[in-house]
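**Q** Sequence first, then the predicted structure, then my questions.
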Amino acid sequence: MSLLAAFWAGGTAFAADTPANLHKGSGLPLPRFASLKSDEVNVRTGPGPRYPVDWVFKRKMMPVEIVAEYENFRKIRDWQGAGGWVYQGLLTGKRGFVVSSKEANVYRTPSPAAEIVARLEPEVTGEIRSCQGDWCRISAQGVSGWVTRTEIWGVYKSEPIN
């Protein structure tokens, strides 16, 4: 007896009818954040190499949100809401961020009364080192310090990162 499982993903319906295809992904919680591992990542219209490339990411360590999985492909979206399917080997669990709207102040310590050591322009990317409470310790363009979670995209409101 053949199992037929239909999966709807971003406007693309496809079927998996063999036991090997029933494994849909990693089993990790969804949604979750990851970052691009390469300077060039193809974003496809569906979960597999047979689907056409819709567009290409050109920024290593750009954070993306994984919203679905199918085998070795992850459906992602970026900070502007654009999305598609990417091969999981092109993603890393190393956490990146992007300054999402206005300039972000980088503080020496996690306090609004602390010295401001830098200001990051919108669309600057960097690495999240850790987060505690409302603050994340970051590194970007040779600057390290603390920013508030509300000034960056790539971390959830109450998610701990060590």
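**A** Received it, and whenever you're ready, just let me know what you need.

**Q** all contacts plus neighbour counts: C-alpha atoms, from now on.
**A** Noted.

**Q** okay, which residue is most central for this structure?
**A** Of all residues in the chain, the one closest to the mean position by CA atoms, centre = their mean is Val64, 1.9 Å from it.

**Q** That one contacts Val41, correct?
**A** No: using CA atoms under 8 Å as the test, Val64 is too far from Val41 to be in contact (11.7 Å).

**Q** shared neighbours of those two, which are they?
**A** By the contact definition CA atoms under 8 Å, 6 or more residues apart in numbering, Val64 and Val41 are jointly contacted by no residue.

**Q** the domain parsing of this structure - what is it?
**A** Structural domains of the chain, as assigned by automatic domain parsing, span the residue ranges 28-94, 97-153.

**Q** Give me the mean pLDDT for the longest one.
**A** Averaging the model's pLDDT scores along domain 28-94 yields 96.

**Q** Would you mind measuring the gap between the ends of that domain?
**A** For domain 28-94, the first-to-last residue distance is 15 Å (CA to CA, to the nearest Å).

**Q** And that domain, how far out from the chain middle?
**A** Chain-centre distance of domain 28-94: 8 Å, with CA atoms, centre = their mean, to the nearest Å.

**Q** Contacts for stretch 26-37, please.
**A** Contacts with stretch 26-37, where a contact means CA under 8 Å, 6+ apart, come from 59-69, 71, 90-96, 154-155.

**Q** hmm, I was thinking of stretch 73-85
**A** Contact partners of stretch 73-85, identified using CA under 8 Å, 6+ apart, comprise 10, 25, 43-48, 54, 63-69, 86-88, 98, 100, 153-154.

**Q** Count the residues that sit near Tyr51.
**A** Neighbour count for Tyr51, taken as other CA atoms under 10 Å: 12.

**Q** I'd say it and Thr45 touch.
**A** Yes: contact criterion CA under 8 Å: Tyr51 and Thr45 qualify, at 5.8 Å.

**Q** what secondary structure does Gly81 sit in?
**A** Assigned with DSSP: H, G, I helix; E, B strand; the rest coil, Gly81 falls in the coil class.

**Q** How much space separates it from Pro49?
**A** According to CA to CA, Gly81 stands 23 Å off from Pro49.

**Q** The two: which has the busier surroundings?
**A** Neighbour totals were compared for Gly81 and Pro49, and Pro49 leads with 14 against 9 (other CA under 10 Å).

**Q** Alright, calling it a day.
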